[in-house]
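In: I would like to see how this sequence folds:
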Amino acid sequence: MPKTREWTYDGTELAWLQDRLGQSGTGPGHVVAELVPSGFEAYVRIFHRFEASDGSGRSRTWQAWADDTAVPFHAELSHLSLRAEDRDGDGPLWQTEEGALDDRSRRALSRCLAGVTGDQAVFFAYDLAALCWGEEEPLVRRATLADLETVRAAVADAVGTSGPEFWWPQDRSWVVTSDYDLLSTYVGCSAETAERLLGDDELEALPVTPRTRVDWYADRP
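Out: Just a heads-up that it's a prediction; the model follows:
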């Protein structure tokens with residue numbers, strides 16, 4: 001019989017975070033509380049930008065696509081709703097990546113958080129990616145926000161190019177979660193930091209709550 005490999009957070013840097021995550025409820029779908037630890041004043045959804053498949057370098061925001069196709073733009077919007085309403089059959093495919101912020105948004109998020117965190121140490125963690133890629137425990141690197149891209153490049157051979165799945169500073173004043181299977185990133189933080197993120201022109205973001213649904217069918221019948 002095949003041996004099932006057990007996964008434990010005991011003794012890892014992720015233990016505190018996992019202890020504060022909620023469990024899947026009895027209702028349909030999954031919610032923010034399963035991704036981002038409890039105890040923060042505010043929670044924010046950051047949408048991963050869509051990139052054109054024709055090599056033009058063009059990008060498209062979720063709100064622009066929603067406005068173009070008369071779909072309400074809201075905190076539980078699913079990409080499936082956008083695709084179902086798309087009528088531009090002659091245009092490029094619009095694609096975004098699961099588990100990874102686009103480069104533009106990632107740079108903007110890092111810049112915003114650096115204004116809060118400064119040069120203190122930041123932990124960058126890979127959880128499900130590490131499990132899927134055959135690691136024996138979560139993979140965690142400690143650096144500064146300025147080193148985010150260096151960390152991503154250094155671990156790409158071990159866990160791929162998604163993530164990091166979780167990042168947080170030494171003082172745990174915020175946590176960023178880019179779930180391995182989702183097309184948006186979620187942040188738990190102070191109200192002041194949330195205001196900073198929501199007001200940044202480079203980020204497409206909306207406020208959410210711990211009970212906001214996050215799965216692909218969040219706003220589907």
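In: and stretch 41-53, how far apart are its ends?
Out: 38 Å (C-alpha to C-alpha, to the nearest Å).
In: check stretch 192-206 too.
Out: Taking C-alpha to C-alpha as the measure, stretch 192-206 stretches 14 Å from start to finish.
In: in a helix, Leu148, correct?
Out: Yes. Counting by DSSP: H, G, I helix; E, B strand; the rest coil, Leu148 is located in a helix.
In: for it, which non-adjacent residue is closest in space?
Out: Across the structure, with C-beta to C-beta, 6 or more residues apart in numbering as the measure, the residue nearest Leu148 apart from its sequence neighbours is Ser110 (5.4 Å). In short, each C-beta sits where N, CA and C put it, glycine included.
In: packing partners for the longest helix along the chain?
Out: Of all the segments assigned as helix in the chain under DSSP state H, the longest by residue count is helix 103-117. Counting contacts by 3 or more C-beta pairs under 8 Å, 6 or more residues apart in numbering; DSSP states H and E, helix 103-117 is packed against strand 42-47, strand 184-189, helix 191-198.
In: what's the weakest-modelled helix or strand in the protein?
Out: In the chain, the helix or strand scored least confidently by mean pLDDT, DSSP states H and E is helix 79-85, which has a mean of 74.
In: all strands of the protein, in order?
Out: Here the chain has its strands, by DSSP state E, at 42-47, 50-52, 59-60, 94-95, 122-126, 139-143, 166-169, 175-177, 184-189, 205-208.
In: of all those, which lies closest to Asp215?
Out: Distances from Asp215 to each of the strands of the chain were compared using C-beta to C-beta; the minimum, 10.7 Å, belongs to strand 184-189.
In: returning to that earlier point: export the strands of the chain to TSV and append columns for mean pLDDT.
Out: As requested, the strands of the chain are arranged in TSV below (pLDDT from 0 to 100):
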stretch	mean pLDDT
strand 42-47	98
strand 50-52	86
strand 59-60	87
strand 94-95	80
strand 122-126	96
strand 139-143	94
strand 166-169	96
strand 175-177	98
strand 184-189	97
strand 205-208	98
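In: could I get the ones you listed in TSV, plus columns for mean neighbour count?
Out: Supplementary listing: the strands of the chain in TSV, determined by neighbours: other C-beta atoms under 10 Å:
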stretch	mean neighbour count
strand 42-47	23
strand 50-52	20
strand 59-60	17
strand 94-95	15
strand 122-126	24
strand 139-143	17
strand 166-169	23
strand 175-177	24
strand 184-189	26
strand 205-208	20
